[in-house]
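> Here you go, sequence then predicted model.
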There are 2 protein chains.
Amino acid sequence: MTEVAPMVFVVDDDPSVRKSVGRLLKSAGYQAETFASAREFLRRDEYPGPGCLVLDVQLPELSGLDLQQTLAGTAHSLPIIFISGHGDIPMSVRAMKNGAVDFLPKPFVAQDLLRVIGEALQRSRREQNDRLETATIRKRLARLTPREYEVLCSVVAGKLNKQIAVELGVGEKTVKVHRGRVMEKMDADSVAELVRLSERGGVIPTPIRV
Amino acid sequence: MTEVAPMVFVVDDDPSVRKSVGRLLKSAGYQAETFASAREFLRRDEYPGPGCLVLDVQLPELSGLDLQQTLAGTAHSLPIIFISGHGDIPMSVRAMKNGAVDFLPKPFVAQDLLRVIGEALQRSRREQNDRLETATIRKRLARLTPREYEVLCSVVAGKLNKQIAVELGVGEKTVKVHRGRVMEKMDADSVAELVRLSERGGVIPTPIRV
DNA sequence: GTTCGCATTGGACGAAGGTCCCATATTCTT
DNA sequence: AAGAATATGGGACCTTCGTCCAATGCGAAC
């Protein structure tokens, strides 16, 4: 495990804010990288470790809220803390609804920002872990052949080999082989574990026909 | 299925707001009940159907935000829409962080309130369904004897009857009996289903000793 | 055109799961 | 004290699962 210092990105069109916030973050032990616009931020390199984004709402071209929506659902989306000089309540509500960690009106005290950044980084770590886990599972799922995947769906639906065989129009023997390979490829020691892995991987159990 | 009209509770110390909002809601086809204070609201009867709470932030004694925290985690918590005449951004952020559906500054247009209430009721229905499902599962879990519960925890961990028997210091036969009763009481047709039920019911699989 | 991955199946066998009827001991409630 | 719920088993039996070794057919890739 390479220890990676948390990274805080700052996007604000005001140079003095970038400078002061950047200094504050570094003095607090974080890595900091500042950007003057949303587009500039979008050209950044991916950062592997935990991190968050301190984002001004009012920005030229693409606004902070627009950037938030652009980033939402991205594979490497970061927790966002908004800062705003002329924000209003509907703006802050929209930001929070879209998953922002907090929304700080300017001027704010350094302590408030640091506290919220702590929250954001904690969330980032959690999300990163979750993403890592599901990515691992997805990779395993991707190694399954189409037929194996069909069998998996039926197995996690709780069906017997015999039933699966009938539904797929093959022999029970064949199902057993596929099933064995599924267990191996998914690295599951038991059906219980297979069910949990499949659930996190988004596998839909084939409906049981009564 | 008894069709229940959605219920909207309104808590505001301003009588004119209670009156106008109440009228608006009824004209929109909702049931409405108004309260002048948080304490008064807390004395209300439980309402079984979908519903939400339109809550003023500034209230005598217990504030709207306090009431939100009091209600949070309650078995019958309702989605909350805040309305506020003198709210600020930190206030709205706090409300949203604690799960509010929205935060509307007064004055607001009727259409906005109705739109947000629609969201809130949809969330209410979803939460109600989720609560119903987990409650059903919990009831079944509660019918298990201590021993049966132990067996369940081991089964969903993917252990073999033999292993479970050793760990519990009983015969494999006994485990089979308990296991059978667990399947029956939990109304599960397969181990896969049992795993899913257990997960939603908060059952912790007993760790596997390698 | 040969090699590789995929899907398919056979036979055999042991391990595991599930269920029937039956029985005993303990504990707790009524 | 009687009865119910709980926990524990025996014996018998069948089903299901998993795995060993072995084989065939098919399409795609090299």
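Noted; the coordinates are in hand. Just so it is clear, the model here is predicted, and its values are computed rather than measured.
> Tell me how many other residues crowd residue A:178.
By the measure other CB atoms under 10 Å in any protein chain shown, the count of residues near residue A:178 is 24. Just so you know, the C-beta spots here come from the backbone N, C-alpha and C atoms, and that holds for glycine as well.
> In stretch A:203-210, which residues are buried?
Buried residues in stretch A:203-210, counted by 16 or more other CB atoms under 10 Å in any protein chain shown: A:203, A:205-206.
> Actually, stretch A:93-105.
For stretch A:93-105, burial by neighbour count (16+ other CB under 10 Å) applies to A:93-96, A:100-105.
> so which of these are also by chain B?
Residues of these in contact with chain B (CB under 8 Å from any CB of the partner chain): A:93, A:96, A:102-103, A:105.
> which one of the residues you listed sits closest to DNA strand C?
Lowest distance from DNA strand C to these (CB to the nearest atom of the strand) belongs to residue A:96, with 45.6 Å.
> so how far is the host helix or strand of that closest one off the chain centroid?
Assigned by DSSP states H and E, residue A:96 belongs to helix A:89-97. Its chain's C-alpha centre and that of helix A:89-97 lie 21 Å apart, by CA atoms, centre = their mean, to the nearest Å.
> Does it pack against any helices or strands, and if so which?
Judged by 3 or more CB pairs under 8 Å, 6 or more residues apart in numbering or on different chains; DSSP states H and E, helix A:89-97 is in contact with helix A:64-71, strand A:80-84, strand A:102-105, helix B:89-97, strand B:102-105.
> average model confidence for it?
With pLDDT averaged residue by residue, helix A:89-97 scores 98.
> tell me the angle of it relative to strand B:80-84?
With axes from the mean of the first three to the mean of the last three CA atoms, to 10 degrees defining the directions, helix A:89-97 sits at 160 degrees from strand B:80-84.
> Check what pLDDT residue A:46 gets.
pLDDT, residue A:46: 83.
> measure it to DNA strand C for me?
Distance, residue A:46 to DNA strand C, using CB to the nearest atom of the strand, to the nearest Å: 30 Å.
> Let me know the closest of the ones next to chain B among the buried residues of stretch A:93-105 to chain B.
Nearest to chain B among those is residue A:96, at 3.7 Å by CB to the nearest CB.
> who's in contact with the closest residue in space to that closest one that isn't next to it in sequence?
Leaving out its chain neighbours, the residue that sits closest to residue A:96 by CB to CB, 6 or more residues apart in numbering or on different chains is residue B:96, at 3.7 Å. Shown in contact with residue B:96 (CB atoms under 8 Å, 6 or more residues apart in numbering or on different chains): A:92-93, A:96-97, B:103.
> Repeat that for residue A:182.
Taking CB under 8 Å, 6+ apart, we find residue A:182 in contact with A:144, A:148, A:151-152, A:155, A:188, A:194.
> Is it in a helix, a strand, or coil?
helix (DSSP: H, G, I helix; E, B strand; the rest coil).
> pLDDT wise, what is the spatially closest residue to residue A:143 that is not a sequence neighbour at?
For residue A:143, ignoring the flanking residues on the chain, the nearest one in space by CB to CB, 6+ apart is residue A:185 at 5.1 Å. As predicted, residue A:185 sits at a pLDDT of 95.
> which intervals of chain A have sub-threshold pLDDT?
Residues of chain A that meet the criterion pLDDT under 70 lie in A:1-3, A:210.
> Quick check, the residue in it closest to DNA strand D?
For chain A, CB to the nearest atom of the strand, closest residue to DNA strand D: residue A:161, 3.1 Å.
> Could you give the number of residues near the closest residue to that residue other than its chain neighbours?
If the residues on either side of it in the chain are set aside, residue A:161 comes closest to residue A:175, at 4.6 Å by CB to CB, 6+ apart. Using other CB under 10 Å as the criterion, residue A:175 is surrounded by 25 other residues.
> Where does residue A:175 fall, secondary structure wise?
If you go by DSSP H and E, residue A:175 is part of helix A:172-185.
> SS state for the nearest residue to residue A:78 once chain neighbours are set aside?
In space, not counting the residues next to it along the chain, residue A:78 is nearest to residue A:53; the distance is 4.6 Å by CB to CB, 6+ apart. Residue A:53 falls in the strand class when you classify it by three-state DSSP.
> Give me the contact list for stretch A:5-23.
Contact partners of stretch A:5-23, identified using CB under 8 Å, 6+ apart, comprise A:25, A:29-38, A:40-41, A:44, A:47, A:49-56, A:58-60, A:64, A:67, A:78, A:83, A:106, A:113, A:117, A:121, A:124.
> circling back: isn't the residue nearest to residue A:143 up against residue A:140?
Yes: Residue A:185 lies in contact with residue A:140 (CB atoms under 8 Å); the separation is 6.0 Å.
> returning to what we had before: is it possible to get JSON lines of the buried residues of stretch A:203-210 that adds distance to residue B:87 and secondary structure?
Shown next, in JSON lines, are the buried residues of stretch A:203-210 (distance: CB to CB, whole Å; DSSP: H, G, I helix; E, B strand; the rest coil):
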{"residue": "A:203", "distance to residue B:87": "45", "secondary structure": "coil"}
{"residue": "A:205", "distance to residue B:87": "46", "secondary structure": "coil"}
{"residue": "A:206", "distance to residue B:87": "50", "secondary structure": "coil"}
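> so which of those residues comes closest to residue A:132?
residue A:203 (18.5 Å; CB to CB).
> contacting residues around residue A:54?
Contacts of residue A:54 (CB under 8 Å, 6+ apart): A:8-12, A:21, A:80-81, A:83, A:113, A:117.
> if I look at it, how far off is DNA strand C?
Distance, residue A:54 to DNA strand C, by CB to the nearest atom of the strand: 46 Å.
> Any idea which of the helices and strands packed on helix A:89-97 gets closest to DNA strand C?
Closest among those, using CB to the nearest atom of the strand: helix A:64-71, at 35.1 Å.
> Quick one: distance of that closest one to the chain centre.
For helix A:64-71, the distance to the chain centre is 15 Å (CA atoms, centre = their mean).
> Then stretch A:6-14?
That offset, for stretch A:6-14, works out to 20 Å (CA atoms, centre = their mean).
> Next: stretch A:39-47.
With CA atoms, centre = their mean, you get 17 Å for stretch A:39-47.
> Many thanks, I have nothing further to ask.
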